[in-house]
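>>> make a model of this:
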Amino acid sequence: MSKKAPGAPPRFVLRREVLTAYVMPALMAGLGGAATHQPELMLAAVTTIAGTSAVVAALIGARLRRRPPHAWAARAPRVAVAIVLAVTAAAVALAVGLAGAHWLPRIPALADQAWPGRLPVDLPLSSAIAATLITIRWRACRPHPAAPQHRNDPAPHPERQTS
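Got it, this is the predicted structure:
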């Protein structure tokens, strides 16, 4: 039996969101790699693309879940919050991707691998998408503040009264 009131938004369940953030990019990029016969894309789909998406969704989702109702993320327009978090996540992921692309080929076992070169593209792109989607889904699960009910004319309406 559900404890949710009728008409209330769905609950934000972080485990479900992180699982979705992993499975969907892995499935989409994996199918794209299979359709175009790119085995490196199929491998990246389940590692760097989906893994980054799941990590970003877990980090941002955990942070958003702990936000009080009066925080900026709960009050600002949904699109603005999604853009701010997506750009921030993409910038951090780009820095990590560039560092990885620079330092990982220096490891002898990874020197001849092609995947470190994909990190500056895979990480920011999957981070931005995951941050946008997790933010929008979090905001959709937030209760909407009740609209203030103002009456312009406090006088009773005789046509609405029944005697």
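
>>> pull the residues that contact the worst-scoring helix or strand of the chain on mean pLDDT.
Least confident helix or strand, the chain: helix 72-75 with a mean of 87, by mean pLDDT, DSSP states H and E. Helix 72-75 has contacts (C-beta atoms under 8 Å, 6 or more residues apart in numbering) with L64, R67, P68, V81, L85, T135, R139, R142. (C-beta placed from N, C-alpha, C; glycine too.)

>>> before we move on, what about stretch 6-16?
Against stretch 6-16 from outside (C-beta under 8 Å, 6+ apart): K4, A58, G61, A62, R65, R137, W138, A140, C141, R142, P143, H144.

>>> among the contacts of helix 72-75, which ones are in helices?
L64, V81, L85, T135, R139 (DSSP state H).

>>> quick one: pLDDT of the second one?
Which is V81. According to the prediction, V81 has pLDDT 94.

>>> spit out the contact partners of it.
W72, A73, T135, R139 are the contacts of V81 under C-beta under 8 Å, 6+ apart.

>>> what's the neighbour count on the nearest residue to the third one once chain neighbours are set aside?
By that I understand T135. In this structure, T135 finds its nearest non-sequential neighbour in A82, 4.4 Å apart by C-beta to C-beta, 6 or more residues apart in numbering. Look at A82: counted by other C-beta atoms under 10 Å, it has 21 neighbours.

>>> ok, A82 to A99 distance?
With distances taken as C-beta to C-beta, to the nearest Å, A82 is found 26 Å from A99.

>>> hmm, back to that, so which two of the ones in helices among the contacts of helix 72-75 are the farthest from each other?
L85 and R139 (10.8 Å; C-beta to C-beta).

>>> and these two? Which one has more around it.
Counting neighbours by other C-beta under 10 Å for L85 and for R139 shows that L85 has the greater number, 24 against 20.

>>> fine, thanks again, bye for now.
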